[in-house]
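Chemist: have a look at this fold, sequence not included:
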């Protein structure tokens with residue numbers, strides 16, 4: 001998320017806080033070390049008439065047995081149950097008013113009973129052993145094990161190999177993070193997730209994106225879109241990628257798009273990307289591009305263009321159209337030392353702002369949005385490139 005701190009601030013309003021952060025606007029109660037909740041002393045909470053939050057994080061729990069009794073006295077809306085030894089969520093179905101569940105770093109293998117918690121909006125299940133999101137009977141999936149009202153879902157670092165078609169009933173899902181799994185394809189109906197405006201799908205095995213990818217998130221009113229499909233096996237992008245602009249832009253609401261595709265197998269970029277006038281960040285580092293994608297030069301609001309570690313050998317004259325460019329990375333490309341005079345002047349202006357470096361002398365100014373840097377790789381110095 002280092003690409004743009006301002007975006008990260010907006011994104012934090014959608015994504016839930018880290019496990020270590022506790023909400024200050026809700027009643028909060030933390031218990032001592034337990035193996036289950038059957039020995040929970042209700043006298044300890046007698047003074048808490050409205051227990052909104054139960055914190056059993058890192059208590060060596062092996063089950064949630066007994067949680068239904070606690071919930072009967074004071075309905076739980078927010079549950080921290082991370083860093084335990086939970087293998088199932090049995091008992092969770094009794095929490096009928098639960099809105100947020102954080103159960104990262106457990107040993108969960110199944111999500112059975114979770115779908116009965118119909119009011120859950122935010123769910124974090126990172127670093128578990130979950131293999132499937134559906135209930136299977138006679139070798140066939142029967143129903144989704146996730147609550148249909150989810151808006152934010154984290155399933156990073158699990159053992160998922162596929163996203164079932166049933167997943168697409170999550171029609172109000174806004175934010176999805178499902179990194180570090182072994183998912184090789186997205187279901188055709190994935191594009192029905194018309195509210196999904198943030199996707200973190202890095203470190204999987206995807207070979208392609210859906211042809212109608214632009215349909216994803218088209219009904220969301222937020223002004224930004226974030227798509228991270230880095231570190232997959234994607235070889236070709238959808239021809240109609242540029243339709244994101246037409247289908248997502250709302251009157252009087254500037255659109256802000258970040259597209260992260262580094263570490264894939266891309267050899268070319270579809271020309272339709274030229275329609276993405278709201279594209280602010282594009283990361284194509286560590287791919288197999290042999291030419292600078294000319295279509296990108298029509299993306300007039302592009303601020304960060306990362307093309308490091310490809311096979312690009314020429315910088316086109318059209319790059320000078322990118323007047324808002326704040327960072328251009330062409331490090332580790334076989335760039336020719338001679339460039340057009342207009343391109344040379346364009347780069348010299350960036351260098352004058354201390355925004356340009358070449359070779360290994362990388363200028364680092366930090367991550368604040370006003371501290372920008374541009375990395376450029378030449379053989380020799382810029383003054384020798386004429």
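Modeler: In hand now; what should we look at? Computed from a predicted structure; not experimentally measured.
Chemist: who's in contact with stretch 256-263?
Modeler: For stretch 256-263, the surrounding residues in contact (C-beta atoms under 8 Å, 6 or more residues apart in numbering) are 3-4, 7, 202, 223-232, 234, 237, 244-245, 276, 278-287, 306. For the C-beta atoms, the positions are set from N, CA and C on the backbone; glycine is no exception.
Chemist: now it: average pLDDT?
Modeler: Stretch 256-263 comes out with an average pLDDT of 95.
Chemist: low-confidence ranges, the stretch 151-300 of the chain, go.
Modeler: Counting by pLDDT under 70, the ranges of the stretch 151-300 of the chain that qualify are 221, 251-253.
Chemist: ok, which stretches of it are strands?
Modeler: Here the stretch 151-300 of the chain has its strands, by DSSP state E, counting those that start in this stretch, at 152-154, 175-177, 198-200, 224-228, 256-260, 279-283.
Chemist: so who does the nearest residue to residue 159 once chain neighbours are set aside touch?
Modeler: Excluding the flanking residues, the one nearest residue 159 by C-beta to C-beta, 6 or more residues apart in numbering is residue 131, at 4.7 Å. For residue 131, the contact set (C-beta under 8 Å, 6+ apart) comprises 109, 158-161.
Chemist: is residue 131 in a helix, a strand, or coil?
Modeler: Look at residue 131: counting by DSSP: H, G, I helix; E, B strand; the rest coil, its state is coil.
Chemist: distance check, it against residue 154.
Modeler: Using C-beta to C-beta, to the nearest Å, residue 131 is found at 17 Å from residue 154.
Chemist: with residue 101 instead?
Modeler: Computed with C-beta to C-beta, the distance linking residue 101 and residue 154 is 10 Å.
Chemist: give me the common contacts of those two.
Modeler: 123-124.
Chemist: the stretch 201-350 of the chain: helices as residue ranges?
Modeler: Under the criterion DSSP state H, counting those that start in this stretch, the stretch 201-350 of the chain contains helices at 243-248, 341-352.
Chemist: just how off-centre is the longest one within its chain?
Modeler: Counting by C-alpha atoms, centre = their mean, to the nearest Å, helix 341-352 is centred 34 Å from the centre of its parent chain.
Chemist: could you give the average pLDDT over that helix?
Modeler: 77.
Chemist: can you tell me which helices and strands that helix packs against?
Modeler: Counting contacts by 3 or more C-beta pairs under 8 Å, 6 or more residues apart in numbering; DSSP states H and E, helix 341-352 is packed against strand 356-357.
Chemist: check contacts around residue 89.
Modeler: Counting by C-beta under 8 Å, 6+ apart, residue 89 has contacts 64, 103, 108, 110-114.
Chemist: what's the neighbour count on residue 86?
Modeler: Using other C-beta atoms under 10 Å, residue 86 has 23 neighbouring residues.
Chemist: and the closest residue to it other than its chain neighbours, backbone torsions?
Modeler: The shortest distance from residue 86 to any residue other than its chain neighbours is 4.2 Å, reached at residue 106 (C-beta to C-beta, 6+ apart). With angles defined as degrees, to the nearest 10, residue 106 sits at phi -130, psi -160.
Chemist: how far away is residue 106 from residue 280?
Modeler: Counting by C-beta to C-beta, the gap from residue 106 to residue 280 is 37 Å.
Chemist: if we can go back for a sec, most neighbours out of the contacts of residue 131, which is it?
Modeler: Neighbour max across the contacts of residue 131 (other C-beta under 10 Å) = residue 158, 23 neighbours.
Chemist: quick one: contacts for the residue nearest to it when sequence neighbours are not counted?
Modeler: Once flanking residues are discounted, residue 158 sits nearest to residue 130: 4.3 Å by C-beta to C-beta, 6+ apart. Going by C-beta under 8 Å, 6+ apart, residue 130 touches 108-111, 155, 158-160.
Chemist: just give me the closest of the residues you listed to residue 299.
Modeler: Proximity to residue 299 was ranked across the contacts of residue 130 by C-beta to C-beta; first place goes to residue 155, at 31.6 Å.
Chemist: contacting residues for the spatially closest residue to the closest one that is not a sequence neighbour?
Modeler: Excluding its sequence neighbours, the residue lying closest to residue 155 (C-beta to C-beta, 6+ apart) is residue 178, at 4.7 Å. Residue 178 makes contact with 153-156, 160, 163, 200-201, 204, according to C-beta under 8 Å, 6+ apart.
Chemist: pipe these into TSV and attach distance to residue 124 per row.
Modeler: Formatted as TSV, these follow (distance: C-beta to C-beta, whole Å):
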residue	distance to residue 124
153	8
154	4
155	9
156	9
160	15
163	18
200	13
201	16
204	18
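Chemist: of those residues, buried ones?
Modeler: 153-156, 160, 163, 200-201, 204 (16 or more other C-beta atoms under 10 Å).
Chemist: using neighbour counts, trim the contacts of residue 89 to the buried set.
Modeler: Buried residues within the contacts of residue 89, counting neighbours by 16+ other C-beta under 10 Å: 64, 103, 108, 110-111, 113-114.
Chemist: which one of the residues you listed is nearest residue 78?
Modeler: Closest to residue 78, out of all of the buried ones among the contacts of residue 89 and judged by C-beta to C-beta, is residue 103, at 12.1 Å.
Chemist: roughly how far does that closest one sit from residue 239?
Modeler: 40 Å.
Chemist: now for residue 60, how many residues are close by?
Modeler: Per other C-beta under 10 Å, the neighbour tally for residue 60 reads 12.
Chemist: surely residue 110 is in contact with residue 88?
Modeler: Yes: between residue 110 and residue 88 there is a contact at 5.9 Å, judged by C-beta atoms under 8 Å.
Chemist: residue 194 contacts residue 214, doesn't it?
Modeler: No: applying C-beta under 8 Å as the test, residue 194 and residue 214 come out as separate, 11.0 Å apart.
Chemist: which of these two has more neighbours?
Modeler: A direct count of neighbours by other C-beta under 10 Å for residue 194 and residue 214 places residue 214 higher, at 20 against 16.
Chemist: just give the nearest non-adjacent residue to that one, would you?
Modeler: Counting by C-beta to C-beta, 6+ apart, the residue nearest residue 214 is residue 243, at 3.6 Å.
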